[in-house]
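# okay, here's the prediction I keep looking at, along with the sequence it came from:
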Amino acid sequence: MEKVRVRFAPSPTGPLHIGGVRSALFNYLLAKQTGGTFILRIEDTDLERSSRESEENIKDSLRWLGIDWDEGVDVGGPYGPYRQTERLELYQEYVDRLLETGHAYRCYCTEDELEEQRQALLAKGEMPRYLGNCRDLTPEQEEAYRKEGRKPVIRFRVPEGENIVVDDLVRGQVAFESDGIGDFIIVKSDGLPTYNYAVVIDDALMKISHVIRAEEHLSNTPRQLLIYRALGLAEPVFAHISLILGKDRTKMSKRHGSTSVVQYKEQGYLPEALVNFLALLGWSPEGEEEIFSMEELCRQFSLDRVAKNPAVFDLDKLNWLNGYYIRQTPVERITEMAIPYLIKEGYLPETLTPEDREQASKIVAAVQGYLPYVGAVVDHVQIFFADEIKPENEEAAAVLKEEQVPQVVELFAAKVKGAEELETGSVKKLLKETSKELKLKGRQVFMPIRVALTGQMHGPELHDIIPILGKEKVLQRLSQTTGLSLS
Ligand code: GLU
């Protein structure tokens, strides 16, 4: 097989989107698996909507996910430049060829004339398209238009009566009638190329072997094929991957959750979890396994197993996967990620002492098992910082009224007071001793102490909570919530 050369070619008109990054990932995986090359090209010919800020966001998001490019903007390569606005001369060269061979022509129609034509077609119930008014202008007619001050666009002359078949790796053979297309613009009146034209020149000159992109571009492909053929350029293989839908099966949008990669980063998702999740949006592995590292994905990914039907974005599944990855990750890393959220919430000071760090790490260790994303840490740690503890509901309040409570709390408080140091091991011991000495079941001891200390019936292990609170706070809370005088 020819060497695989694939590209991700985003338009920098906003932050990197979930759909976009899934295309990037599939291209990347194919390249890595085959020892091929993954290219990042920036399609910035829409000057009004493109910005360097978006380009930076796209690159940062890709790097954060570990999707590095072998060739492209910033890193360079033999087929650069890799930003379309820096390639205008190349496009010009091929436009000249298309004009010379009659595959393209200048069109001088004004916006108003085109609109009139559109309305007329719609009134007849026909598909609006360009009807070719300027197809066969004489040099004199062109000159006259120019004298009127009209600025031409360049249109591609679509052959009549052709059946154009896109041979798609995911969707099979998809046929389009050329008569439905209409001569389309390849260079705008400001001299900039349109997407459908520039993409062909770039993919051909960059020797792209496979074009893997979103399904929404399938209808552009016949136009692109016509340009390849008119210029005698080698065609790549196409694979159009399905749309991503929300759980309600409508197109993924802000209503379904965050749509840009950076939002997930900001909420404290782990890049490896997001990559794992994105890979499963449309691709299905052979076995039942759902946890894949990037290396495993590179080994197992195959375009044959990319589904034709839409992928459904399930936030619960992402949260489950991310929670799984968080649990597998060393507490040090999760603590580093959690600290900014804890500072922002006022739980930690802006500048941390080594003791603050130590405390943060203990807190994170206690709640790590419960986090769907690291930003959620702030919802789980109030128990450590609250000034006043109240039972969360009637059930919790009832626990504090159980008859053994005064005995339990008094004995446990005495043990805490007498303890040299409170750490996981010693706290476990004190709890055990309390239930043994009072001949009570574990629950009769743990539950009142838990509710007295946190107000809640569920949460992190008591032997994690107590060392974090420390002696003073433990005694103060036990007394405050039970009304017992523990001095
Ligand atoms: N710039 C296009 C986009 O962002 C690229 C499409 C393609 O991959 O051909 O949608």
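Okay, I see it.
# helix, strand or coil for the residue nearest to Asp136 when sequence neighbours are not counted?
Of all residues not flanking Asp136 in the chain, Tyr105 sits nearest, at 8.0 Å (C-beta to C-beta, 6 or more residues apart in numbering). Any C-beta I mention is one placed from the backbone N, CA and C, and that applies to glycine too. Put simply, Tyr105 is strand when judged by DSSP: H, G, I helix; E, B strand; the rest coil.
# quick one, what contacts Tyr105?
99, 134-137, 154-155, 157, 183 (C-beta atoms under 8 Å, 6 or more residues apart in numbering).
# which among those end up buried?
Listed as buried from those are 134, 137, 154-155, 157, 183; burial here means 16 or more other C-beta atoms under 10 Å.
# which residue does the stretch 51-200 of the chain bring closest to the ligand?
Closest to the ligand within the stretch 51-200 of the chain is Val199: 4.8 Å, counting by C-beta to the nearest ligand atom.
# which ones are touching that residue?
Contacts of Val199 (C-beta under 8 Å, 6+ apart): 9, 43, 224.
# flag the shaky bits of this structure, pLDDT-wise.
1, 487 (pLDDT under 70).
# so where do the strands sit in it?
Per DSSP state E, the chain carries strands over the ranges 5-8, 37-40, 71-72, 104-107, 153-156, 163-168, 172-177, 185-187, 210-214, 237-241, 244-245, 311-312.
# pick the most deeply packed of those.
Among those, ranked by average contacts under mean count of other C-beta atoms under 10 Å, first place goes to strand 5-8 (a mean of 26).
# in contact with the residue of the stretch 1-150 of the chain found nearest the ligand, which residues?
Nearest residue of the stretch 1-150 of the chain to the ligand (C-beta to the nearest ligand atom) works out as Glu43 at 3.7 Å. Counting by C-beta under 8 Å, 6+ apart, Glu43 touches 9-12, 84, 195, 198-199.
# and the residue nearest to Asp136, how far from Lys151?
15 Å (C-beta to C-beta, to the nearest Å).
# same question for Asp190.
From Asp190 to Lys151 the distance is 8 Å (C-beta to C-beta).
# which of the two has more neighbours?
The neighbour comparison of Asp190 against Lys151 (other C-beta atoms under 10 Å) goes to Lys151, with 13 against 9.
# now that one, what are its backbone angles?
phi -100, psi 120 (degrees, to the nearest 10).
# what residues are up against it?
Residues near Lys151 by C-beta under 8 Å, 6+ apart: Ser189.
# my read is that Arg150 contacts Asp112, right?
No - in this structure, Arg150 is not within contact of Asp112 by C-beta atoms under 8 Å, at 11.6 Å.
# settle it for me: which of the two has more neighbours?
Arg150 (15 against 8).
# residues contacting the more buried one?
Contacts of Arg150 by C-beta under 8 Å, 6+ apart are 108, 110.
# returning to that earlier point: columns distance to the ligand on top of the contacts of Tyr105, output as JSON lines?
Compiled in JSON lines, the contacts of Tyr105 are given as follows (distance: C-beta to the nearest ligand atom, whole Å):
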{"residue": "Leu99", "distance to the ligand": "24"}
{"residue": "Cys134", "distance to the ligand": "27"}
{"residue": "Arg135", "distance to the ligand": "27"}
{"residue": "Asp136", "distance to the ligand": "31"}
{"residue": "Leu137", "distance to the ligand": "31"}
{"residue": "Ile154", "distance to the ligand": "20"}
{"residue": "Arg155", "distance to the ligand": "20"}
{"residue": "Arg157", "distance to the ligand": "22"}
{"residue": "Asp183", "distance to the ligand": "21"}
